[in-house]
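Asks: Here you go, sequence then predicted model.
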Amino acid sequence: MRLLYTSDLHGSMSHYGWLLGVACSKKPDVVILGGDMHPDDNVTVPDQLGHGQAAFVRGPFRNWVQELRQKSGCREVLVIFGNHDWGSSVIAMEELAKEGLVKILTPASPVAIEGLNFVGYSFTPPTPWFVKEFEQLDRKGDAPPLIGGAVWHPRHHRAVQHSSKVFFDGRKTIEEDMAALQAPADPWVFVAHAPPFQSKLDQSFSGNSYGSKSIRGAIERLSPLLSLHGHIHESPRVTGEWKDQIGKSLCVNAGQMTKALCHAIIEVDVASKKITHSEHGQEAS
């Protein structure tokens, strides 16, 4: 089974165009989108927060998925969310899922495709960014960030801002979520927006590790055949590596760039439960 993976396109239609070209050329069985796929709404216009992403999903993204499936022949398009994504985009994406255009990966409901199981997790440790929909403290006892942020309120159809303490005190930690995570039948793929902590996949230009300790612990405990990550765009350029080995798991962060699409192709022999090929690519005009 051939997988095409990318993340962090942030609504760039140039990147989506390049990705369509790669899919038509490489003919993947499954296309996997690892979060932060939508444009950022303008935080200086409060009344618009959360509305732009939902419109993007229902419009340009939906049209792109239809074209992708028609032209590339891929069997499935799998998605998770990321720390830049509003809850309104989740509601819109669920509409696409009901149409059969995409499948949303969650920890609770593995998606099986011809013997290969996929599990997704969208949350990251706290960031400096305003949207907090998919942020949680990594571990119990971690200090919350100094600044708060906003989440989507579906009943009032608008973004609602909270202080950091109020927001994070009322949420579970990533550690708790990972403790409850159960591995599906082998072979399986773990798609998590946050990369594992202190790996070759979570290094910033500042030299800091911004991955999740809890996600690393889950990979070590559950040993997926493959784990796919994003979030830290520059890590492959900082470390010179777009993949890492944690125990028995091959872990990938294809990275992302402003003027080029970064992606990965991974081929899995499902019957023998082995990865037979992996490659990294960049596409640009």
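Replies: Right, received. Where do you want to start? Residues are numbered from 1 along each chain as shown.

Asks: what comes up buried for stretch 109-125?
Replies: 110-111, 113, 116-125 (16 or more other Cβ atoms under 10 Å). Placement of C-beta: from N, CA and C, glycine included.

Asks: Quick one: distance of that stretch to the chain centre.
Replies: 11 Å (Cα atoms, centre = their mean, to the nearest Å).

Asks: and the buried residues of stretch 109-125, which of them are in strands?
Replies: Using DSSP state E, the members of the buried residues of stretch 109-125 that fall in strands are 111, 113, 116-121.

Asks: what's in contact with the longest helix along the chain?
Replies: The residue-count maximum for a helix in the chain (DSSP state H) belongs to helix 13-26. Taking Cβ atoms under 8 Å, 6 or more residues apart in numbering as the criterion, the residues outside helix 13-26 that touch it are 2, 4, 6, 9, 31, 60-61, 64, 67-68, 71-72, 74, 260-261, 263, 265, 281, 283-285.

Asks: Now which of the residues you listed would you call buried?
Replies: By 16+ other Cβ under 10 Å, those give 2, 4, 6, 9, 31, 61, 64, 68, 72, 74, 260-261, 263, 265, 281, 283 as buried.

Asks: quick one, strands of the stretch 101-250 of the chain?
Replies: Assigned strands in the stretch 101-250 of the chain, in chain order: 103-104, 111-113, 116-121, 149-153, 158-162, 188-192, 226-229, 243-246, 249-253 (criterion: DSSP state E, counting those that start in this stretch).

Asks: what pairs with the second one, and is each one parallel or antiparallel?
Replies: When you say that, I think you mean strand 111-113. strand 116-121 (antiparallel) (DSSP bridges).

Asks: so how far does stretch 240-253 reach from one end to the other?
Replies: 11 Å (Cα to Cα, to the nearest Å).

Asks: for that stretch, the distance to its chain's centre please.
Replies: For stretch 240-253, the distance to the chain centre is 16 Å (Cα atoms, centre = their mean).

Asks: rewinding a little: and the two most separated of the buried residues of stretch 109-125?
Replies: Ile113 and Pro125 (29.6 Å; Cβ to Cβ).

Asks: residues in contact with Ser122?
Replies: Counted by Cβ under 8 Å, 6+ apart, Ser122 has contacts 35, 80-82, 85, 134, 192-193.

Asks: From Ser7, how far out is it?
Replies: 11 Å (Cβ to Cβ, to the nearest Å).
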